[in-house]
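Q: I'll drop the sequence and a predicted model, then ask my questions.
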Amino acid sequence: RPGLRGSAKNPSIRSSLSEGEGIPGMDSKAKVVGAIDAESIVAFESKYNNDAKSKLAEDILARANLKDVAINRKVAIESIHTYSHTVPEVKPSVNQRSSGRCWIFAALNVIREQLVRDLKMESFELSQSYVFFWDKFEKAGWFLEQIIQTLDEKVEDRLISYLLKSPVNDGGQYDMFINIVNKYGLVPKDVYPDSTSAKLSRPMNWIITCKLREFAKDLRKCHKQGNTIKQLRKLKNEQLSIIYRILCINLGQPPKKFDFVYKDKDKKFHRIRDLSPKHFVKDHVTFDVNSQVSLINDPRNPYYKLYTVDRLGNVVGGRGVRYLNLPIEELKKYAIKTIQNKQPVWFGCDVGKFFHRDDGVMDLEYFSYDKMFGIQFSSFSKADRLRYGESLMTHAMVFTGVELDHQQKPLSWRVQNSWGEKGGDKGYLRMSDKWFDEYNYQISVDKSILSEDTLKVLDLPPVKLPPWDPMGSLAVCSGWSQTAGTKPSASIYSNL
């Protein structure tokens, strides 16, 4: 309440605290082992009130944004968006809006750079919604298949609870992107533009998630009633018909044929008629997604081994999610080599850590939290952050440049984001190399640049990580989910 802030100005409060009163559940006469006692709070309060620096910081943060106040001015001045090596950058800047489609935007940004170069266009954009639609649809099928495979597990078990938590996240992994391109192809954005539900996916996701949980209940109920797997898969197909309808209403029905129309840099008009999405990829996209391999830096697990995450995927029977775990310096080496070859690099990171969005800078030294709060972050290793839930992959972007010193060691990285032109250098970010060390987890590169010994690892059977392992988080954290339920209806399949 106003006027009761500091005990130094209100002696009566100090008196009450010293007696263990005024704090619910505290009694100085009967201490509970492990509980926070009144004497400790009095000591904390006294120490804080005698710390002029902390009191000043409190007053400043009452009217100012923490990230703006804590900026290290020297580091901010030195954080210029200039690089020794860059790849050609394609317009327009893209914006995923209020959706978790970053991994799709990043993957298509890499492809369009090659497409624009090949066709000599000034600007171009591939349809993110087209990939989004088919990924959602395939994820629904993947989820229902997981339910069929686990029918005898208790619904309260950790695995089933995890599957039900977020059946169709917006997020994904690069191997999942490859699956969609291989099965459904690609289309230009003007052929299949964003709907409102693509730009604001949460309401659509709630409806789909609600139905999928209900479908899971129905499949398990039918199994208990003695239905065969063949009968359950027939029911699954009926359920997928409903999901397809929901997706079409929200995102629009995907095209089967279209005319590819564009002007090149010489203003010459081109029209290629009657293309299917798969023929568009075959005839015009020279970037080979199937030659891409995902490299990760996971210091919890042995390097130079292949890993996968159990039950992570989208297309049943498609390419599995596989990661080649390497030391961080190896990821940098292959990223630099790709950029020097004038190719951008898809990557996954924990974007929210030590990141100033308006300035577009990711740098461990950009904020003086140590001076403001008197704390250090050095005790957490990268492995420990993963183990204790302090960090995981949350966002995918694209490297388009790197600054190398006189010894060819990286100092900073240029990053193409998918949040529009606001912030940084017209939407491009700057990542310090130390930030890369601590919060970058994955890159995707062409396997042709890997060493022979590293390539041999790809032929080994992958080590299987549990479904909830943080190496699968990009398929979860970048998506929306909402817990909800509906009243069961006997006519649900016909009345939705």
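A: Arrived safely. Numbering: from 1, shown residues only.
Q: burial check on Val110, number of neighbours?
A: 24 (other Cβ atoms under 10 Å). All C-beta atoms are positioned from the backbone trio N, CA, C, and that covers glycine.
Q: what about it, which SS state?
A: Under DSSP: H, G, I helix; E, B strand; the rest coil, Val110 falls in the helix class.
Q: wait, doesn't it sit right on Met397?
A: No - counting by Cβ atoms under 8 Å, Val110 stays clear of Met397, with 10.5 Å between them.
Q: quick check: which element contains the closest residue to Tyr48 other than its chain neighbours?
A: Leaving out its chain neighbours, the residue that sits closest to Tyr48 by Cβ to Cβ, 6 or more residues apart in numbering is Ser54, at 6.0 Å. Assigned by DSSP states H and E, Ser54 belongs to helix 52-61.
Q: please put the alpha-carbon coordinates of that helix into CSV.
A: C-alpha atoms of helix 52-61 as CSV (Å, rounded to 0.1, in the frame of the first residue of the first chain):
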residue,chain,number,x,y,z
ALA,A,52,22.6,3.1,-2.5
LYS,A,53,23.4,1.6,-5.9
SER,A,54,20.5,-0.8,-5.8
LYS,A,55,18.1,1.8,-4.6
LEU,A,56,19.1,4.1,-7.5
ALA,A,57,18.5,1.2,-9.9
GLU,A,58,15.1,0.6,-8.4
ASP,A,59,14.1,4.2,-9.0
ILE,A,60,15.4,4.1,-12.6
LEU,A,61,13.5,0.9,-13.5
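Q: got a list of what Gly352 touches?
A: For Gly352, the contacting residues are Thr394, His395, by Cβ atoms under 8 Å, 6 or more residues apart in numbering.
Q: which pLDDT value goes with it?
A: With respect to pLDDT, Gly352 scores 92.
Q: is it in a helix, a strand, or coil?
A: Going by three-state DSSP: Gly352 is coil.
Q: next: Ile80.
A: Secondary structure for Ile80, judged by three-state DSSP, is coil.
Q: so the closest residue to it other than its chain neighbours is in which element?
A: Excluding the flanking residues, the one nearest Ile80 by Cβ to Cβ, 6+ apart is Arg430, at 7.8 Å. Using DSSP H and E, Arg430 sits in strand 428-432.
Q: I'd like the next helix or strand past that strand.
A: With DSSP H and E, the next secondary element past strand 428-432 is helix 433-439.
Q: quick check: buried residues in that following helix?
A: Within helix 433-439, the residues scored as buried using 16 or more other Cβ atoms under 10 Å are Asp433, Trp435, Phe436, Glu438, Tyr439.
Q: so who does the second one touch?
A: With contacts defined as Cβ under 8 Å, 6+ apart, the neighbours of Trp435 are Lys353, Phe354, Met362, Asp363, Leu364.
Q: try the first one
A: Residues in contact with Asp433 (Cβ under 8 Å, 6+ apart) are Lys332, Lys409, Pro410, Leu411, Ser412, Trp413.
Q: the fifth one and Phe436: what is the separation?
A: Think Ser412. Distance, Ser412 to Phe436, using Cβ to Cβ, to the nearest Å: 9 Å.
Q: helix/strand/coil for the residue lying closest to Glu153 once chain neighbours are set aside?
A: Distances taken as Cβ to Cβ, 6+ apart place Ile160 nearest to Glu153, at 5.3 Å, with adjacent residues excluded. At Ile160 the chain is in helix, as set by three-state DSSP.
Q: then the one 4 residues further on?
A: Per three-state DSSP, the secondary structure class of Leu164 is helix.
Q: dump the residue contacts of it.
A: Contacts of Leu164 were listed using Cβ under 8 Å, 6+ apart, and they are Val155, Arg213, Ala216.
Q: which of those residues fall within helices?
A: Within those, residues falling in helices by DSSP state H are Arg213, Ala216.
Q: of the contacts of Leu164, buried ones?
A: In terms of neighbour count (16+ other Cβ under 10 Å), the buried residues within the contacts of Leu164 are Arg213, Ala216.
Q: as TSV, the contacts of Leu164 with distance to Lys224 would be great.
A: Shown next, in TSV, are the contacts of Leu164 (distance: Cβ to Cβ, whole Å):
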residue	distance to Lys224
Val155	11
Arg213	17
Ala216	13
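Q: one step back: I'd like to know which elements the strand holding Arg430 is packed against.
A: If contacts are counted by 3 or more Cβ pairs under 8 Å, 6 or more residues apart in numbering; DSSP states H and E, strand 428-432 sits against strand 361-362, strand 410-416.
Q: what angle separates it from strand 410-416?
A: Here the directions of strand 428-432 and strand 410-416 differ by 160 degrees (axes from the mean of the first three to the mean of the last three Cα atoms, to 10 degrees).
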